[in-house]
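1. Build me a model from this:
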Amino acid sequence: MRIYSKVKRLREFLEWAVEAFQPKCWVCEQPITLEHVGDSCDDLTIHHVDENRANNGIENRVLVHKGCHRWHHWRENEIKAGRPVPDKYPGLCPSCHRRVIDRFGICRECSKEARELVAGAK
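-> Next comes the predicted model:
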């Protein structure tokens, strides 16, 4: 019960912060919305700007989408290995904020859900 109340308070704080400050993702610069906070806050994470996890100063921590965070670190590793990489994040699904995969501009999961909805409506 105690852990649940801490998670609930954290979620409420994030909801307040998103409404009050309207933050943007540090990687893709897209707005972070209440949909990203959700029930479990699973779509967001904290990134350490100087890449030092021990430095937890507020000026070193930024809020990012999880997909953007993975892409950022993948890109950094590719650069270190000397391989060419894109300068910008490839794009995000407007529904769930995962990486855009198909030609319609939505990710594979949302595309599958859309096809199922259309098939069910017929």
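2. rest of the way, CA atoms for contacts and neighbours
-> Will do.
3. Leu44 contacts Val37, correct?
-> Yes. Contact criterion Cα atoms under 8 Å: Leu44 and Val37 qualify, at 6.9 Å.
4. Quick check on Arg61: phi, psi?
-> Main-chain torsions, Arg61, degrees, to the nearest 10: phi -120, psi 130.
5. What of Lys24?
-> Here is the backbone geometry of Lys24 (degrees, to the nearest 10): phi -120, psi 150.
6. what's around the residue nearest to it when sequence neighbours are not counted, how many residues?
-> Nearest residue to Lys24, sequence neighbours excluded (Cα to Cα, 6 or more residues apart in numbering): Pro31, at 4.2 Å. Number of residues near Pro31 (other Cα atoms under 10 Å) recorded here: 15.
7. any idea how far Ala119 is from the residue nearest the centre of the chain?
-> The structure's the chain has its C-alpha centroid closest to His65; by Cα atoms, centre = their mean the separation is 1.5 Å. Separation of His65 from Ala119 (Cα to Cα, to the nearest Å) stands at 31 Å.
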